[in-house]
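Visitor: Predicted model and sequence follow; I will ask about them next.
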Amino acid sequence: VVLLCGPRGRAAAELLPGVDELVECALPWIDAEPGPVDRAGIDALVARLAATGADEAVVFTSFHQSPLPLALILRMAGVGRVAAISDDYPGSLLDVRHRVPAGIPEAERALSLAAAAGFALPPGDDQRLRLRPVAAAGDTRGGTRPAGELPDEPGYVVVHPGSSVAARACPPQLCAGIVAALRADGHRVVVTGGPAETALTGQVAVAGAVDLGGRTSLAGLADVISRAGCLVVGNTGPAHLAAALGVPVVSLFAPTVPFGQWAPYRVPVVRLGDPTADCRNTRVTRCPLPGHPCLSGVDPADVVAAVRLLSRPAPPPDRAGTHRPVPALAGGGSGR
């Protein structure tokens, strides 16, 4: 299996089991901040994909993306069989044109396409998300948890206040209040965030939480979450890491996209926030309403109650992925 991904998805792609080779390319019809379409770059991508010798391709897209530009490139690269979900007429670009109803979970959308292409899950597969094992060696940015900083025992609460999209992030003052309320209730709390979020995590962690802002790679973040009893997070990447690791999620979910499509998949979840706010289903990236009303009304006491309901000591999760090898090339991405 050769996985085609963009630079923003590379770290996540490296956590997937069953991938033999990665091809990285920023696709201007997918990337959230696209550059211009460049003839030389497209020619280079065609040549790179041709060099994989892929027999077929399964183009995984999110519901709002078109697979047809990539399908054309795959045809130019000599890929003989191409499958994708497409509402638009594909002509001869697709051999398998799959259709799905609107609103189903993104993971099920992708699984249904794989099955339509001939790659159904094997008997006994529980359909949960999976990551490859991530070893804990005790460094910071190298892919593992920072040594000597996490609580010795699993079962702590991870609070991740940031988001790749501002409209989906919980207000920092509220996150700080949530941490304080969790600490007052006796929980050990770890605050996580990316390298650009250290000021945010420092603000949120002031009530005595461990601040790991900017101190882990994505693999290291997965390792930190794997030992948690619960994750408190908005609609952003770590919520789906938790789902892949079997960790329950308190979802501070802004309704800019449907919860049914983007909720953490097949893991215990409590959703908090106003699902009827005027931003619902707008897909905005910045909140258009004063005061961020969909999330600012969340009561930290409700978060504490949700954590009590969900949280449990976290045994080492089974993160091994076992998939039969298939001669396929997977491409696309969520653009999230």
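Guide: Okay, I see it. Numbering: from 1, shown residues only.

Visitor: do you know how far the spatially most central residue of the chain is from Leu72?
Guide: In the chain, the centroid-proximal residue (CA atoms, centre = their mean) is Gly237; its distance is 3.5 Å. Gly237 sits 29 Å away from Leu72, going by CB to CB, to the nearest Å. Every residue, glycine included, has its C-beta placed from N, CA and C.

Visitor: Correct me if wrong: Gln203 contacts Pro172.
Guide: Yes. Under the criterion of CB atoms under 8 Å, Gln203 makes contact with Pro172 at 5.3 Å.

Visitor: the more surrounded of those two?
Guide: Legend: neighbour count by other CB atoms under 10 Å for Gln203 and Pro172, higher for Gln203 (18 against 15).

Visitor: Extract the residue ranges of this structure that are flagged as low pLDDT.
Guide: Applying pLDDT under 70 to the chain flags residues 135-148, 312-336.

Visitor: Show me where it has its strands.
Guide: 2-5, 21-24, 56-59, 81-85, 96-98, 157-160, 189-191, 210-211, 230-234, 249-252, 269-272, 328-331 (DSSP state E).

Visitor: which strands and helices sit next to the fifth one?
Guide: The helices and strands touching strand 96-98, judged by 3 or more CB pairs under 8 Å, 6 or more residues apart in numbering; DSSP states H and E, are strand 81-85, helix 106-116.

Visitor: what does that strand rub up against?
Guide: Contacts with strand 96-98, where a contact means CB atoms under 8 Å, 6 or more residues apart in numbering, come from Arg81, Val82, Ala83, Ala84, Ile85, Ser86, Pro90, Ser112, Leu113, Ala116, Ala117.

Visitor: can you pull out the helices in this protein?
Guide: Assigned by DSSP state H, the chain shows helices spanning 10-13, 39-52, 68-76, 106-116, 172-184, 198-204, 218-226, 237-245, 259-262, 293-296, 300-310.

Visitor: Now do the longest one: distance to the chain's middle.
Guide: It stands for helix 39-52. A distance of 27 Å separates the C-alpha centroid of helix 39-52 from that of its chain, computed with CA atoms, centre = their mean, to the nearest Å.

Visitor: contacts for that helix?
Guide: Residues contacting helix 39-52 (CB under 8 Å, 6+ apart): Val2, Leu4, Glu21, Val23, Cys25, Ile73, Leu74, Met76, Ala77, Gly78, Val79, Leu329.

Visitor: Among these, the buried ones, what's the PyMOL command?
Guide: PyMOL command restricting the contacts of helix 39-52 to the buried ones, with burial defined by 16 or more other CB atoms under 10 Å:
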select buried, resi 2+4+23+25+73+74+77+79+329
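
Visitor: For my notes, please list the contacts of helix 39-52 in CSV and give distance to Arg168 for each entry.
Guide: Shown next, in CSV, are the contacts of helix 39-52 (distance: CB to CB, whole Å):
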residue, distance to Arg168
Val2, 31
Leu4, 26
Glu21, 32
Val23, 29
Cys25, 26
Ile73, 31
Leu74, 32
Met76, 37
Ala77, 36
Gly78, 40
Val79, 35
Leu329, 31
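
Visitor: Just flag the most distant two among the contacts of helix 39-52.
Guide: Glu21 and Met76 (19.7 Å; CB to CB).

Visitor: just to revisit the earlier point, show me which of the contacts of helix 39-52 is closest to Arg280.
Guide: Relative to Arg280, the closest of these is Leu4; by CB to CB it sits at 32.8 Å.

Visitor: who's the closest one bridged to?
Guide: Beta-bridge partners of Leu4, counted by DSSP bridges, are Val23.

Visitor: what about stretch 285-294, start to end distance?
Guide: 14 Å (CA to CA, to the nearest Å).

Visitor: Pull out the buried residues from that stretch.
Guide: Within stretch 285-294, the residues scored as buried using 16+ other CB under 10 Å are Cys287, His292, Cys294.

Visitor: ditto for stretch 2-17
Guide: 2-6, 8-9, 11-16.

Visitor: ok, Leu27 touching Pro7?
Guide: No. Between Leu27 and Pro7 there is no contact under CB under 8 Å: 10.3 Å.

Visitor: excluding its backbone neighbours, what's nearest Leu15?
Guide: Nearest residue to Leu15, sequence neighbours excluded (CB to CB, 6 or more residues apart in numbering): Leu131, at 4.6 Å.

Visitor: got it, and Pro268?
Guide: That would be Pro248: by CB to CB, 6+ apart, it lies 4.1 Å from Pro268.

Visitor: Take the contacts of strand 96-98 and lay them out in JSON lines including neighbour count and distance to Leu68.
Guide: Shown next, in JSON lines, are the contacts of strand 96-98 (neighbours: other CB atoms under 10 Å; distance: CB to CB, whole Å):
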{"residue": "Arg81", "neighbour count": "16", "distance to Leu68": "16"}
{"residue": "Val82", "neighbour count": "27", "distance to Leu68": "10"}
{"residue": "Ala83", "neighbour count": "24", "distance to Leu68": "13"}
{"residue": "Ala84", "neighbour count": "28", "distance to Leu68": "8"}
{"residue": "Ile85", "neighbour count": "25", "distance to Leu68": "11"}
{"residue": "Ser86", "neighbour count": "19", "distance to Leu68": "6"}
{"residue": "Pro90", "neighbour count": "18", "distance to Leu68": "6"}
{"residue": "Ser112", "neighbour count": "17", "distance to Leu68": "19"}
{"residue": "Leu113", "neighbour count": "24", "distance to Leu68": "14"}
{"residue": "Ala116", "neighbour count": "18", "distance to Leu68": "17"}
{"residue": "Ala117", "neighbour count": "22", "distance to Leu68": "16"}
